[in-house]
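S.K.: what's the 3D shape of this:
(one chain, ligands or ions: 2)
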Amino acid sequence: MSDSDYRKRFRVTPGDRPKLEKIDPNARDGHTTKQEAQDEITHYAQRMRELQYLLHAENKRSLLIVLQGLDASGKDGTIRHVLGYMNPQGCHVRGFKQPTAIEAAHDFLWRAHKAAPATGEVTIFNRSHYEDVLVVRVHELVPKKKWLGRYEHINTFEALLAEHGTHVIKFFLHISPEEQLARFKKRLDDPTRWWKISEADYNERLYWKEYQHAYEDVFERCNSGDAPWYIIPANHKWFRNLAISRIVTETMESLQMSFPEPSVNIDDIRRKYHEIVEKKL
Ligand code: AMP
Ligand code: MG
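M.R.: Residues are numbered from 1 along each chain as shown. Ligands and ions are numbered 1, 2, ... in the order given. All right, here's what the predicted structure looks like:
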């Protein structure tokens with residue numbers, strides 16, 4: 001296993017404005033195949049499960065994992081393969097689609113804030129409040145003046161979560177246009193995936209450059225120490241799984257959590273237990 005800290009490797013440096021076209025979506029950090037990386041993926045995924053149990057037991061803080069990326073970048077797959085290792089008790093997934101009438105009648109952060117994790121919980125956002133400075137910006141769904149103000153609102157919101165003990169980590173799943181097209185083809189060839197296809201996938205592809213630009217602005221403007229962005233090379237699904245499970249694990253490891261002190265005297269309880277067993281009560 002390599003020793004390097006993936007949280008440093010894939011983190012967007014605060015203040016930087018990375019150019020996505022300069023970042024290789026095929027990167028594999030020296031790994032060659034899925035088979036070769038499998039032990040490492042399993043190791044981190046299992047450790048992640050233990051740490052989630054500890055987070056739940058400690059009941060002092062929470063974790064919010066934000067997944068963003070273009071269509072077919074692997075958000076659903078990441079949830080299934082990596083975060084599926086977590087115990088569903090204490091773990092929630094929230095998808096963000098076009099706002100419903102009720103959501104649209106509120107401020108843009110309302111639905112995100114409502115879905116934020118409670119203490120002791122892990123929540124995964126499949127898309128997120130960032131859509132309000134991505135799709136909304138690319139298609140000018142609100143005037144520029146309005147979406148421009150949202151970066152600051154997002155930073156304040158994430159700082160508030162941090163103050164409450166919610167650790168926010170944000171992943172951008174970085175794929176190439178060729179890989180996206182290959183995945184669209186797979187969907188077309190497999191009737192069990194037809195339900196996933198939408199006209200929007202093909203329309204949005206025409207705005208590839210605009211989306212890259214909108215994401216680059218997000219990385220520059222909303223990347224505080226409290227809520228870091230990671231750009232994950234995601235053309236290889238197994239490498240994406242490895243990188244994300246490592247970063248989630250390393251983040252939870254860094255919290256130095258501990259089990260709470262028992263609320264009872266364990267020696268007394270043990271004595272009671274043996275009494276019951278001996279007397280067959
Ligand atoms: P999917 O991720 O395939 O389920 O698609 C969800 C769709 O909802 C995507 O096309 C998103 O861009 C869109 N969406 C999510 N949030 C918003 C928003 N705030 N305003 C408009 N469209 C949104
Ligand atoms: Mg889609």
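
S.K.: residues of the stretch 101-250 of the chain that sit close to ligand 1?
M.R.: Counting by Cβ under 6 Å from any ligand atom, the stretch 101-250 of the chain comes close to ligand 1 at 127, 131-132, 135-136, 200. Glycine gets a C-beta too; all of them are placed from N, C-alpha and C.

S.K.: run the last query once more with 5 Å
M.R.: Within reach of ligand 1 by Cβ under 5 Å from any ligand atom, the stretch 101-250 of the chain has these residues: 131-132, 135.

S.K.: got a list of what the closest residue to ligand 1 within the stretch 151-281 of the chain touches?
M.R.: Proximity of the stretch 151-281 of the chain to ligand 1 (Cβ to the nearest ligand atom) peaks at Ala200, 5.0 Å away. Ala200 is in contact with Asp71, counting by Cβ atoms under 8 Å, 6 or more residues apart in numbering.

S.K.: helix or strand for it, which one?
M.R.: Per DSSP states H and E, Ala200 falls inside helix 199-205.

S.K.: how about that helix: buried residues?
M.R.: 201, 204-205 (16 or more other Cβ atoms under 10 Å).

S.K.: and those residues as JSON lines, adding distance to Glu50 and pLDDT?
M.R.: Formatted as JSON lines, the buried residues of helix 199-205 follow (distance: Cβ to Cβ, whole Å; pLDDT from 0 to 100):
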{"residue": "Asp201", "distance to Glu50": "37", "pLDDT": "90"}
{"residue": "Glu204", "distance to Glu50": "38", "pLDDT": "95"}
{"residue": "Arg205", "distance to Glu50": "40", "pLDDT": "95"}
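
S.K.: helices of the stretch 151-281 of the chain, start to end?
M.R.: Remark: helices assigned in the stretch 151-281 of the chain by DSSP state H, counting those that start in this stretch are 177-189, 199-205, 208-221, 237-254, 266-278.

S.K.: for whichever residue of the stretch 51-200 of the chain sits closest to ligand 1, which non-adjacent residue is spatially closest?
M.R.: As assessed by Cβ to the nearest ligand atom, ligand 1 sits closest to Glu131 within the stretch 51-200 of the chain, at 3.3 Å. If the residues on either side of it in the chain are set aside, Glu131 comes closest to Phe96, at 5.8 Å by Cβ to Cβ, 6 or more residues apart in numbering.

S.K.: one step back: per-residue confidence at the residue of the stretch 51-200 of the chain closest to ligand 1?
M.R.: You'll see Glu131 listed with a pLDDT of 98.

S.K.: what's the neighbour count on it?
M.R.: Glu131 has 19 neighbours, counted by other Cβ atoms under 10 Å.

S.K.: helix, strand, or coil at it?
M.R.: Secondary structure state of Glu131, per DSSP: H, G, I helix; E, B strand; the rest coil, is helix.

S.K.: could you measure it against Glu40, distance?
M.R.: 32 Å (Cβ to Cβ, to the nearest Å).

S.K.: can you pull out the strands in the chain?
M.R.: Listed in chain order, the strands of the chain (DSSP state E) span 62-68, 91-95, 122-126, 166-174, 229-233.

S.K.: quick one, the longest one and strand 122-126 angle?
M.R.: Between strand 166-174 and strand 122-126, the angle formed by their directions is 30 degrees, by axes from the mean of the first three to the mean of the last three Cα atoms, to 10 degrees.

S.K.: hang on, the earlier thing: please identify the deepest-packed of the helices of the stretch 151-281 of the chain.
M.R.: The highest mean neighbour count among those, using mean count of other Cβ atoms under 10 Å, belongs to helix 237-254: a mean of 22.

S.K.: please name the nearest non-neighbouring residue to Ala72.
M.R.: Excluding the flanking residues, the one nearest Ala72 by Cβ to Cβ, 6+ apart is Arg183, at 4.0 Å.
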